[in-house]
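**Q** Quick one, fold the following:
(2 chains)
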Amino acid sequence: MNMQLSEAPPRKPAVEAIGPTVRIASMARPDERPPAAESQRDYIIQLENVSCYYGSFRAVRDVDIKAAKNEITALIGPSGCGKTTLLRTLNRMNDLVPSYRSEGRILLDGQDLNAKAVDPVAVRRRVGMVFQKPNPFPKTVYENIAFGPKINGFKGNMDELVERSLRRAALWDDVKDKLKQSGMALSGGQQQRLCIARTIAVEPEVILMDEPCSALDPRSTLQIEELMAELKRDYTIVIVTHNMQQAARASDSTVFMTMGDDRAGFVVEHARTIDIFTNPRNQLTEDYVSGRFG
Amino acid sequence: MTAATPTPVAIAPTERFEPALMRRKLTATIFYGACLAAIGILLLALVLLLVQVLVRGLPWLDIDFLTGVPSRRASATGILPAIVGSLEIALIVGLISFPVGVAAAIYLSEYARDSRVNRLLQTNISNLAGVPSIIYGILGLAVFVRLLGLGTTVLAAALTLSLLILPVIIIASIEALRAVPNAQREGAYALGATRWQMVRRSVFPAAAPGVMTGIILAMARAIGEAAPLLLIGAAGFVTFLPNPVSGSFSVLPVIAYNYAKRPQDDFQGVSGATIIVILVLMLVLNALALIVRARLSRHIQW
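**A** Residues are numbered from 1 along each chain as shown, chains lettered A, B, ... in the order given. Coordinates of the predicted model:
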């Protein structure tokens, strides 16, 4: 899982003394079960030799990572290293880009998402996505939540589903009197939680988050991080973040990516978050997490 | 970059900048004045037109005029057949151009790839919007009246006017659809929407205010057109309410034109009264456009 690539120089012993500058404030709750041992972990997403292309340009190459069930996996790395491209490949969102294609196998619960028989529409129902900028629909709060269930042919009690989804996104108390108001009238943090509620209303298995807090203030960011810690009981979360502290605080395992000389992004190291930030194996990772570049 | 000797920052005027505040302010004042003059000329023209029409037309405008049929005497003439003709045409134009125009716009904006052919097509549609309406009249006469044998009917007129305003509707709708942020499309896709569900439930509702405004304003244009209908053969003197698919018909702008052509002074007044009716109809449509826009966009805050 921890890979060393030719571009990544081996770690120099001289820098051993310089500790990482990122402090890890543990968000672990007392009641949380200890992380499962490596062998027991259940991997819901597995990438095997995945490369992503825009036309003839290779944006990401040879990615082999796994995301464990009910864990938060963070993708970090400098701008342009392909984190978002890789994330958007996981629910075939990038299929919407005309020149885009990906190679390799992306297994969701053992099933190859890129297989011919797989419909990207069905994939996106199982792998939801929360975007960088909150993008509520210009509809009421209620209709925002009901949108996904409706298009997916939900037959049950919609009121109940809307309330449950809003409760699980820790938004119910804020909006229970505003269900008929525009989702766009909410604050930025509330809008992002609305988008999370909208995503969990269709009961996906995995939630992808593309820098969900980059447009939010620190308070709203904290609320989203707390929500993520809550949601991982039921869902697997993969999050792209520019904020290293966020990765350190909120994730269980961290994937560090960077860009090679050919401008293609690749994975330098994937390990438990605590190891990436306190005991990185690779010099590039250490330089990045200690703030020396990026 | 040495921190010890910071380079002095110029706060006081130096030779490198020429303040000339007076000259800059003068430029600003001149431009402001020019803008004011432009709007003044426009308002003056509008007021002159309105005053002229109201002074000459209002005395002739009464309930008998609105509910009567044409007569050779100016005092006894009415425009009900023309009002009904215009409304019938408006209805049919709406029924034809709404689905066709919106569907074409959705195809071009949401389905078609951004290819050279597609761009050429859109440029051509923009050009069609600029073709003089009389040309559409010639087309309507040749195709609908003669070739398809519809005759000089409300239906032939409505089809012609639909062709006339379709480019306008398509352009306005494409603009409205393009103005919807891509994040809205991705948001729908991320919940497992098909392309049609994305269009139907996410993009189109978000674009609806712009689309509907475009359609209503285009219909106002169709109702105000006289030239293409004159070519098709709209009559100036029809004493019965028009049947949409057979028999001759009349519309308000053609009536106004016919009355204005007459030598008798009284008919000038009747023409003015007809123009007032057209203006009121336009005002109603524009108000409707505003209301529809406000209603459809109440949840939208980009």
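
**Q** Which neighbouring elements make contact with the strand ranked longest in chain A?
**A** Longest strand of chain A, by residue count under DSSP state E: strand A:43-54. Applying 3 or more C-beta pairs under 8 Å, 6 or more residues apart in numbering or on different chains; DSSP states H and E, we find strand A:43-54 packed against strand A:57-63, strand A:66-68, helix A:83-89, strand A:100-108, strand A:236-240. For glycine as for every other residue, the C-beta is placed from the backbone atoms N, C-alpha and C.

**Q** Tell me which stretches of the stretch 51-200 of chain A form helices.
**A** Listed in chain order, the helices found in the stretch 51-200 of chain A under DSSP state H, counting those that start in this stretch are A:83-89, A:120-126, A:141-151, A:158-168, A:172-175, A:188-200.

**Q** what do you get for the stretch 1-150 of chain B?
**A** Listed in chain order (using DSSP H, counting those that start in this stretch), the helices of the stretch 1-150 of chain B are B:21-57, B:63-67, B:80-106, B:116-128, B:133-140.

**Q** and the residue of the stretch 1-150 of chain B found nearest chain A, what does it touch?
**A** The shortest separation between the stretch 1-150 of chain B and chain A is 6.6 Å, found at B:R113 (distances taken as C-beta to the nearest C-beta). Counting by C-beta atoms under 8 Å, 6 or more residues apart in numbering or on different chains, B:R113 makes contact with A:P98.

**Q** For it, give me the pLDDT.
**A** pLDDT for B:R113: 85.

**Q** element containing the nearest residue to A:N135 once chain neighbours are set aside?
**A** For A:N135, the nearest residue in space outside its immediate sequence neighbours is B:A183; the separation is 3.8 Å by C-beta to C-beta, 6 or more residues apart in numbering or on different chains. Taking DSSP states H and E as the definition, one finds B:A183 inside helix B:182-190.

**Q** Which one of the helices of the stretch 1-150 of chain B lies nearest to A:T285?
**A** helix B:116-128 (46.2 Å; C-beta to C-beta).

**Q** Which elements pack onto that closest one?
**A** Using 3+ C-beta pairs under 8 Å, 6+ apart as the contact criterion, the neighbours of helix B:116-128 among helices and strands are helix B:154-178.

**Q** switch the cut-off to 10 Å
**A** Helix B:116-128 is packed against helix B:80-106, helix B:154-178, with contacts defined by 3 or more C-beta pairs under 10 Å, 6 or more residues apart in numbering or on different chains; DSSP states H and E.

**Q** just these: most buried one?
**A** Of all these, helix B:154-178 has the most neighbours on average by mean count of other C-beta atoms under 10 Å in any protein chain shown, namely a mean of 24.

**Q** does chain A sit close to it?
**A** No. Applying C-beta under 10 Å from any C-beta of the partner chain, one finds helix B:154-178 out of contact with chain A, separated by at least 12.8 Å.

**Q** mean confidence score for that helix?
**A** pLDDT averaged over helix B:154-178 equals 95, rounded to a whole number.

**Q** Show me how far it is from its chain's centre.
**A** Taking C-alpha atoms, centre = their mean, to the nearest Å, one finds the center of helix B:154-178 at 10 Å from the center of the full chain.

**Q** Ok, stretch B:201-220 next?
**A** So, by C-alpha atoms, centre = their mean, the centroid of stretch B:201-220 is 12 Å from its chain's centroid.

**Q** Without its sequence neighbours, what residue ends up closest to the residue of chain A found nearest chain B?
**A** Scanning chain A for proximity to chain B using C-beta to the nearest C-beta identifies A:R125 as nearest, at 3.3 Å. Closest residue to A:R125 in three dimensions, ignoring its sequence neighbours and counting by C-beta to C-beta, 6+ apart: B:G192, at 3.3 Å.

**Q** and that neighbour, which of the three is it?
**A** Three-state assignment for B:G192 (DSSP: H, G, I helix; E, B strand; the rest coil): coil.

**Q** Thought A:G128 was touching it, still the case?
**A** Yes. Taking contact to mean C-beta atoms under 10 Å, the distance of 8.4 Å between B:G192 and A:G128 places them in contact.

**Q** So between those two, which is more surrounded?
**A** Applying other C-beta atoms under 10 Å in any protein chain shown to B:G192 and A:G128 shows that A:G128 carries more neighbours, namely 27 against 23.

**Q** what about B:V117, neighbour count?
**A** Close neighbours of B:V117, defined as other C-beta under 10 Å, add up to 9.

**Q** Same check on B:A227?
**A** For B:A227, using other C-beta under 10 Å, the count is 17.

**Q** partner residues bridging the residue nearest the centre of chain A?
**A** Among the residues of chain A, A:I239 comes closest to the average C-alpha position under C-alpha atoms, centre = their mean, at 1.9 Å. Under the criterion DSSP bridges, A:I239 forms beta bridges with A:A74, A:M209.

**Q** can you map out the strands along the stretch 151-300 of chain B?
**A** In chain order, the stretch 151-300 of chain B shows no strands, with DSSP state E, counting those that start in this stretch as the criterion.

**Q** Can you pull the residues of it lying near chain A?
**A** B:180-198, B:200-202, B:205-206, B:208-209, B:296-300.

**Q** Pull out the buried members of these.
**A** Neighbour-count burial (16 or more other C-beta atoms under 10 Å in any protein chain shown) applied to those gives B:180, B:184-193, B:197-198, B:201-202, B:205-206, B:208-209, B:296-297, B:299-300.

**Q** Neighbours of B:S250, how many?
**A** A count of neighbours around B:S250, defined by other C-beta under 10 Å, yields 27.

**Q** pretty sure it contacts B:V238?
**A** Yes. If you go by C-beta under 10 Å, B:S250 and B:V238 touch, sitting 4.3 Å apart.

**Q** shared neighbours, the two?
**A** By C-beta atoms under 10 Å, 6 or more residues apart in numbering or on different chains, B:S250 and B:V238 have these common neighbours: B:70, B:80-82, B:84-85.

**Q** So, low pLDDT: which residues of the stretch 151-294 of chain A?
**A** A:294 (pLDDT under 70).

**Q** Contact residues of the stretch 151-294 of chain A facing chain B?
**A** Within reach of chain B by C-beta under 10 Å from any C-beta, the stretch 151-294 of chain A has these residues: A:151-152, A:180-185, A:195, A:198-199, A:201-202, A:204, A:207-208, A:210.

**Q** Buried among the residues you listed? Need that as a selection in ChimeraX.
**A** Written as a ChimeraX command, the selection of buried residues from these, which uses 16+ other C-beta under 10 Å, is:
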select /A:151,152,182,183,184,195,198,199,201,202,204,207,208,210
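
**Q** picking up where we left off before, any shared contact partners between B:G192 and A:G128?
**A** When contacts are counted by C-beta under 10 Å, 6+ apart, the set common to B:G192 and A:G128 consists of A:91, A:148, A:202, A:204.
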